[in-house]
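Chemist: Here is the input, now give the coordinates:
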Amino acid sequence: MRICIFGAGAVGSHFAVRLALAGHEVSCVMRGPHLEATKANGLTLRVGATEFSARVKASDDPAALGPQQLVISTLKANALESLVAGLPPLLRDDTAVVFAQNGIPWWYNIGISPGHRPVPELGFLDPGGR
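Modeler: A predicted model of the protein is given here:
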């Protein structure tokens, strides 16, 4: 299965290693020094004294990774805006998208009863309502 981890920091990289070792074709959208290290050395997951290593395709440009069968967003809640532009090039008609939210999602207060105490304003988690 072609799987893309969108926002592969600590949580996403953990998923990426596990999925790659299970035999899936894994790619990661990441940035900065973590991207460069992944391109050069792959990913290493340390669990206790055990290390698991995997090679994955990595880029800061989702379009370079091509259409996927599954996209797992592991972005922090305040970085979801990058998914708006980055997700379309990864999608096919049948691509599944899973949100393994790393933080409080902007929609957490939908459906709270009218008598509930006021909840914090979280508009910054969905800049511009996108």
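Chemist: ok now do Thr38, which residues does it touch?
Modeler: Neighbouring residues of Thr38 by C-beta atoms under 8 Å, 6 or more residues apart in numbering: Ala8, Ser13, Cys28, Met30, Val56, Ala58. In short, each C-beta sits where N, CA and C put it, glycine included.
Chemist: Just give me the neighbour total for the fifth one.
Modeler: Okay, so that is Val56. Counted with other C-beta atoms under 10 Å, residues neighbouring Val56 total 23.
Chemist: which residues touch it?
Modeler: Ala16, Val17, Ala20, Val26, Ser27, Cys28, Thr38, Gly42, Leu43.
Chemist: Then the fourth one?
Modeler: With contact taken as C-beta under 8 Å, 6+ apart, Met30 is in contact with Gly7, Ala8, Gly9, Gly12, Ser13, Thr38, Ala58, Ser59, Asp60.
Chemist: And it, how far from Ala100?
Modeler: The gap separating Met30 from Ala100 is 15 Å, by C-beta to C-beta, to the nearest Å.
Chemist: SS state for Val17?
Modeler: Under the three-state scheme (DSSP: H, G, I helix; E, B strand; the rest coil), Val17 adopts helix.
Chemist: State the pLDDT value of Pro114.
Modeler: With respect to pLDDT, Pro114 scores 86.
Chemist: residue contacts, it?
Modeler: If a contact means C-beta under 8 Å, 6+ apart, then Pro114 has no contacts.
Chemist: number of nearby residues for the closest residue in space to Val119 that isn't next to it in sequence?
Modeler: In space, and not counting its chain neighbours, Val119 is closest to Asn109: 4.5 Å by C-beta to C-beta, 6 or more residues apart in numbering. Counted with other C-beta under 10 Å, residues neighbouring Asn109 total 14.
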